[in-house]
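Build the 3D model from these lines:
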Amino acid sequence: MRAVMVEQTGGPEVLTVVERETPVPGPGQALVDLAAGGVNFIDIYQREGRYPMELPFVAGSEGAGTVSAVGDGVTDVQVGDRVAWAMVPGTGYTEQALVPADKLVPVPEGVELETAAAAMLQGMTAHYLVNSTFEATEGHTALVTAAAGGVGLLMCQMLRAKGVRVIGTVSTEEKAELARANGATDIVLYRDVDLETEVRRLTDGAGVDVVYDGVGKDTFDAGLAILKPRGLMVLFGGASGAVPPMDPQRLNSAGSLFLTRPTLAHYLLDREELLWRAGDVLGGIADGSLAIRIGGRYPLADASRAHADLEGGGTTGKLVVVP
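Here you go, the predicted model:
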């Protein structure tokens, strides 16, 4: 089988396709023939060495496909099942993957496997952000950075369904139209106007209840400045770079603000939570209440281009590699 390996950390060029032996599932494992693997910023951080991994490793941690073999003791899935997963390192950019059976979730009929692969990590991320990190409800106002990205588009849809006013930041008019179509009430072209000034104008000076910031360095300061007293800054990513260290006193002087730096793994603490979040996301796709936008499909040999495109900031929706 073919897989994309990282043998040394570095830029996109370190992603190389190699031939490997087809693995055999051990106890508690399932072998899955991949239909697609998701491309995420965490893959870039691991490739760069920002998130250390033992070298060499197979890139990617998210995918969907069909179970082709199971190991001893596996009862949750069987051969022929359509399944998806996320947050399992070494399972994304490959033709076949060994996945712990308790990390697999069923893909409903009517949901394409490629769509399921695109939905898992970003869908469950959006789900925990709007349901658990901050329990958004009707009457709240939220700022969503990178509103036309994969997570951003899903958050816009989920927040709209809850009756939340969504202010989205984007870099182009094309992305603005996409964000509006997915539920953003107002748009800020953050490269053309001052983010803080514009949000204050849109909210008549009141500010927002929560900021969902996946951009980081470029938007963090303005995000803190537009929060209402006791508002919550949810820093869930750093697409523009890491936020520099800050004095906690700043939260006090800005209105007794709250700051959290969450990650999906801590919102998937047991299988029950995994099935809840994945079930809501995939079920929403099945019933048409949630739409997944796949912004780019790449063969395994072009995984390096997928990384370069994602890092370049010009993509919308989700990128996938397709064996």
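
wait, what's in contact with residue 224?
Taking C-beta atoms under 8 Å, 6 or more residues apart in numbering, we find residue 224 in contact with 211, 233, 250-251, 254, 257. Yep, even glycine has a C-beta here, placed from its N, CA and C like the rest.

Residue 123 too?
Here residue 123 is in contact with 154, 277-278, 281-282, 290, 292 (criterion: C-beta under 8 Å, 6+ apart).

can we see that at 10 Å?
38, 84, 86, 116, 150-151, 154, 158, 277-278, 280-282, 284-285, 290, 292, 318 (C-beta atoms under 10 Å, 6 or more residues apart in numbering).

Quick one, which of those are buried?
38, 84, 86, 116, 150-151, 154, 158, 277-278, 280-282, 284-285, 290, 292, 318 (16 or more other C-beta atoms under 10 Å).

Filter those residues down to the ones in helices?
116, 150-151, 154, 158, 277-278, 280-282, 284-285 (DSSP state H).

Which residue in these has the weakest pLDDT?
Lowest pLDDT of those: residue 150, 90.

Tell me which residues touch the spatially most central residue of the chain, please.
Centroid-nearest residue in the chain: residue 122, 2.8 Å away (criterion: C-alpha atoms, centre = their mean). Counting by C-beta under 10 Å, 6+ apart, residue 122 touches 38, 40-41, 62, 86, 149-155, 264, 281, 292, 317-318.

Residue 66 reaches residue 95, doesn't it?
No - if you go by C-beta atoms under 10 Å, residue 66 and residue 95 don't touch, sitting 12.0 Å apart.

Need the residues touching each of the two.
Taking C-beta under 10 Å, 6+ apart as the criterion, residue 66 and residue 95 both touch 32-34.

So which of the residues you listed wins on neighbours?
Greatest neighbour count in the shared contacts of residue 66 and residue 95, by other C-beta atoms under 10 Å, goes to residue 32: 29 neighbours.

All the helices of this structure, in order from the start?
Using DSSP H, helices in the chain cover 41-48, 113-128, 150-161, 173-181, 195-202, 220-225, 249-253, 271-287, 303-312.

other SSEs contacting the third one?
This points to helix 150-161. The elements that helix 150-161 packs onto, with contact taken as 3 or more C-beta pairs under 10 Å, 6 or more residues apart in numbering; DSSP states H and E, are helix 113-128, strand 141-144, strand 165-170, helix 173-181, strand 208-213, helix 271-287, strand 294-298, strand 318-321.

circling back to that earlier point, just the shared contacts of residue 66 and residue 95 now: which is nearest residue 25?
Ranked by distance to residue 25 (C-beta to C-beta), those are led by residue 32 at 9.4 Å.

correct me, but residue 133 touches residue 213?
No - using C-beta under 10 Å, residue 133 is not in contact with residue 213; the gap is 11.8 Å.

hang on, the earlier thing: which of the helices of the chain sits closest to residue 17?
When the helices of the chain are compared by C-beta to C-beta, helix 303-312 sits nearest residue 17, at 7.6 Å.

what's the nearest residue to residue 250 if we skip its chain neighbours?
Sequence neighbours aside, residue 224 is the residue nearest to residue 250 in space, at 7.2 Å (criterion: C-beta to C-beta, 6 or more residues apart in numbering).

Residue 268 too?
residue 274 (5.0 Å).

So the one you found sits against residue 104, correct?
Yes - the criterion here is C-beta under 10 Å, and residue 274 meets it with residue 104 at 9.3 Å.

list residues touching both of the two?
With C-beta under 10 Å, 6+ apart, residue 274 and residue 104 have common neighbours residue 85.

neighbour count winner among those two?
Taking other C-beta under 10 Å, residue 274 and residue 104 do not tie; residue 104 has more neighbours (25 against 20).

what's the spacing between the more buried one and residue 290?
Per C-beta to C-beta, to the nearest Å, residue 104 is found 20 Å from residue 290.

Then residue 205?
Separation of residue 205 from residue 290 (C-beta to C-beta) stands at 34 Å.

Appreciated, that's everything.
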